[in-house]
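Asks: After the sequence you'll find the predicted model.
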Amino acid sequence: MSWDWNAFYLKSKLFLERANAHEHAKDEFPFWSALGLELLARAALIKVHPSLNADPRQPENLLYALGYKVTGTPKSVELKAVLARLQHVVPDFGKSQAEVCELLAIRRNEELHGSDLSFALLKESEWLPRYYQTAEVLCKFLGKDLADWLGPETAAAARKMIKSLKAKTQKLTKTKVSEHAKRFKSKPKQERAALAAQAAAQAALAQPDTVAVDCPACKSKALLAGELIKEMEPRYEDDDSLLVEQEYLASHLDCPACGLELRSLEEVLGAGLQPRFSGQSVISLHERFLGEMSDVYENM
């Protein structure tokens, strides 16, 4: 056992790799993400001094942190104390950052020790942007870039989510949604029903990089589009095809019924929608390998 901040950092990075190996909709993603963030928080505290990670109720814990050999296993301070201490020693780590850490820790405990599937009930919009913002603060303190911890592709998506936390963007988006809701509600009932039916028909024709969601303004079906950020390992769907699960980062929304348009991830999150969605594609093995072998067949 070692209270070395870099060892904690590397382990937290490993846990994030495990998290990102799963689809975002699976419970494993927030579970491993929660563990990774706690280790990152402890890494920051230990970098100040290992003694800050020691449970003060037993002197052996502090002696171990100071480099002395002790019998038994040294015990770390509880996470609540870690978060309280970080607010004194890490710049920009405040109440908001501590709250998201506590939220995930509570969910983790409920997941492990209770009968509820607590992470299944947790929406990404409730925690993921603040999670990434908190991780960025801790990484900066450790002398690391967010891309070092997450990888460049995931970090690029994370920074877009962090940007969405700006209060001005959220306020403007809520105003836009409210105005479209009022205009739609002012239309005759029959016209609203016809527009909603037309929107539902268009949503049924969604492309792989789009998904139908409830419009935050009029509750009709709207199309949420995004950028591909991750593909899972292909799996056999049947004898001649592979199924590839894909994840998209939301980039814009269009509602045919009320005309609401959201043109950035920041606006999508400001309207209360989820930042990511899943899609899938089917690869025909016959068509794939026939294309690769076509030149061979032509020369036979």
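Replies: Ah, there it is.

Asks: Report the spatially nearest residue to Ile229, omitting neighbours in sequence.
Replies: Closest residue in space to Ile229, ignoring its immediate chain neighbours: Leu249 at 4.8 Å, by CB to CB, 6 or more residues apart in numbering. (Glycine included, C-beta is placed from N, CA and C.)

Asks: Could you point out the longest strand of the chain?
Replies: Counting residues, the longest strand in the chain under DSSP state E turns out to be strand 241-254.

Asks: Provide the strand pairings for it, with the direction of each partner.
Replies: Strand 241-254 has these partner strands in its sheet, going by DSSP bridges: strand 221-231 (antiparallel), strand 235-238 (antiparallel), strand 261-262 (antiparallel), strand 276-284 (antiparallel).

Asks: Out of those strands, the one nearest Leu122 is which?
Replies: strand 276-284 (13.5 Å; CB to CB).

Asks: ok, Ala34 to Leu150 distance?
Replies: 15 Å (CB to CB, to the nearest Å).

Asks: Leu262 too?
Replies: When distance is defined by CB to CB, Leu262 is 25 Å away from Leu150.

Asks: Start and end of stretch 53-64, how far apart?
Replies: The straight-line separation of the ends of stretch 53-64 (CA to CA, to the nearest Å) is 10 Å.

Asks: Next: stretch 42-56.
Replies: One end of stretch 42-56 to the other measures 16 Å (CA to CA).

Asks: go on, stretch 87-101?
Replies: Start and end residues of stretch 87-101 are separated by 12 Å (CA to CA).

Asks: next one: stretch 68-86
Replies: Termini of stretch 68-86 sit 25 Å apart (CA to CA).

Asks: hmm, who's touching it?
Replies: Contacting residues not belonging to stretch 68-86 are listed as 1, 3, 38, 41-42, 44-45, 52-56, 58, 60-61, 63-65, 93, 97-98, 101-102, 105 [CB atoms under 8 Å, 6 or more residues apart in numbering].

Asks: Mind checking which of the residues you listed are buried?
Replies: 3, 38, 41-42, 44-45, 52-54, 60-61, 64-65, 93, 97-98, 101, 105 (16 or more other CB atoms under 10 Å).

Asks: my guess is Leu205 is in a helix, correct?
Replies: No - counting by DSSP: H, G, I helix; E, B strand; the rest coil, Leu205 is not part of a helix but coil.

Asks: number of nearby residues for it?
Replies: By the measure other CB atoms under 10 Å, the count of residues near Leu205 is 9.
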